[in-house]
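1. Pasting the sequence and the predicted model now:
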Amino acid sequence: MAVVVVAEDDDDLRAIAVRLLSRGGHRVTAAPNGAEALRLVGEERPDVVVSDIDMPVMSGVDLCLAIRADPALRELPVVFISGSLVPGDDRPVRAQATTMLRKPFTAQELLGCVEKALHSGHQPGQEPFDCP
């Protein structure tokens, strides 16, 4: 079981991600934007963050950059979920995300991507890998 913080501004997608991850055996807290997620990261000290890229208040990119700037959190895996990524989009690389999962995703894809991020040994600055 991992502790997961989910950042997603769409209420329905946030609820779905929380439900899927909880059913997968994880302890999950969620936020509607990156700023609230960053606060939760500080409180919860999660094992992984799952974040949308495009959100109000603080984007997923800014959330990931804030995580990477904190020496205590620098190696925290960050999974970007997005329906707006197009080939050549440099936001995941610029943010130093661990991996990316495109919306829509299945329960198996989300759970598999989180597990892969948790056990990949990916280091900040390495190219993010794609989840199926």
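-> Now that the structure is in, tell me what you want to look at.

2. Quick check on the residue nearest the centre of the chain: phi, psi?
-> Compute the mean C-alpha point of the chain, and by CA atoms, centre = their mean the closest residue is residue 50, 2.1 Å away. Per-residue torsions, residue 50: phi -110, psi 120 (degrees, to the nearest 10).

3. For it, give its distance to residue 71.
-> 22 Å (CB to CB, to the nearest Å). Backbone N, C-alpha and C define where each C-beta goes, glycine included.

4. got it, and residue 12?
-> 36 Å.

5. what's the answer for residue 62, then?
-> In terms of CB to CB, residue 62 sits 18 Å off from residue 71.

6. low-confidence ranges in this structure?
-> Along the chain, no part satisfies pLDDT under 70.

7. need the helices for it, in chain order.
-> In the chain, the helices defined using DSSP state H lie at 11-23, 34-44, 60-69, 91-95, 107-119.
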